[in-house]
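Student: sequence unknown, structure follows:
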């Protein structure tokens, strides 16, 4: 009977601690923590009863029952701390995604507010800065974009998304060696990121490193055959080597992105050149 009363008390206390989650509609989390607390308590009580039966010495039993409340308090304090940290983590993640580049330039003030709260640190702060940098880049504010991305990488030097984005910024500024360096670091950290191989292919083409560029484009297409830029750049490389298969690559690029004017023009120019030959 005592066991059931204890479990009921634990359920009530846990429920009251999580009632705010119920009110906020986070029923799954609230029920999970409540049921988890009761289950944990039931397991502890079950273990206690088994151990108590095994102890035959009266002094040992007294010591056991004396230290048991302390052990239980420590266990539940640890669980409470873990739950608090988990909730904090979830809240920060939820806020962090308010600064999503896909939402457009209108959320720059939101990103700035989150960054200025200084509640984010480490990787979280770097992600926020990188995201705002991408939004600045998309709005044509290259200098501000680069400043944010550089700050992100100062905090987290191996943040892949920031390295990739800085590579694009550097390529846009025609700083090919820097762009190649960033894309190279990305493929070192994430070898299966096709977009990074494609980006390095483009930078190597512009840097007149055609053989390396061809290998990079091959790898990009192998990983993701839907990247039109990789087909286009490989097509131009092949044509520079007098390889007629370059036309097929350009045709594939146009098929994938028929609205891309530069791809369409490159294919048209290549066909005109082929007819002259």
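Tutor: Perfect, I can see it now. Here the structure is a predicted model, which means the values were calculated and not measured.
Student: all helices of the stretch 51-200 of the chain, in order?
Tutor: Ranges of helices in the stretch 51-200 of the chain, per DSSP state H, counting those that start in this stretch, are 58-96, 108-116, 122-138, 142-155, 160-172, 176-189, 194-206.
Student: lowest-confidence stretch among those?
Tutor: Mean pLDDT is lowest for helix 58-96 out of the helices of the stretch 51-200 of the chain, coming in at a mean of 54.
Student: just give me the neighbour total for residue 218.
Tutor: Using other CB atoms under 10 Å, residue 218 is surrounded by 15 other residues. (Glycine included, C-beta is placed from N, CA and C.)
Student: try residue 142
Tutor: 14.
Student: distance of it from residue 183?
Tutor: 18 Å (CB to CB, to the nearest Å).
Student: before we move on, which element is residue 232 in?
Tutor: Assessed by DSSP states H and E, residue 232 sits inside helix 228-240.
Student: please pull up the helix or strand immediately following that helix.
Tutor: Scanning onward from helix 228-240 (DSSP H and E), the first element met is helix 245-256.
Student: which neighbouring elements make contact with that following helix?
Tutor: If you count contacts as 3 or more CB pairs under 8 Å, 6 or more residues apart in numbering; DSSP states H and E, helix 245-256 packs onto helix 228-240, helix 261-276.
Student: out of the ones you listed, which one sits most buried?
Tutor: Greatest average neighbour count among the helices and strands packed on helix 245-256 goes to helix 228-240 (a mean of 24), per mean count of other CB atoms under 10 Å.
Student: quick check: angle from that helix to helix 261-276?
Tutor: Orientation of helix 228-240 against helix 261-276 (axes from the mean of the first three to the mean of the last three CA atoms, to 10 degrees) gives an angle of 20 degrees.
Student: same for helix 228-240, what does it pack against?
Tutor: By 3+ CB pairs under 8 Å, 6+ apart, helix 228-240 packs against helix 194-206, helix 210-223, helix 245-256, helix 261-276.
Student: contact partners of that helix?
Tutor: 194, 197-198, 201-202, 205, 210, 213-214, 217-218, 220-221, 224, 244-250, 252-254, 256-257, 260, 262-263, 266-267, 270, 273 (CB atoms under 8 Å, 6 or more residues apart in numbering).
Student: what of stretch 121-130?
Tutor: 92, 96, 99, 111, 114-115, 120, 148-149, 151-153, 155-156, 159, 161-162, 165.
Student: mind listing what's buried along that stretch?
Tutor: Using 16 or more other CB atoms under 10 Å as the test for burial, stretch 121-130 gives 124, 125, 126, 127, 128, 129, 130.
Student: residue 170 versus the fourth one, what's the distance?
Tutor: I take that to be residue 127. Relative to residue 170, and taking CB to CB, residue 127 is found at 20 Å.
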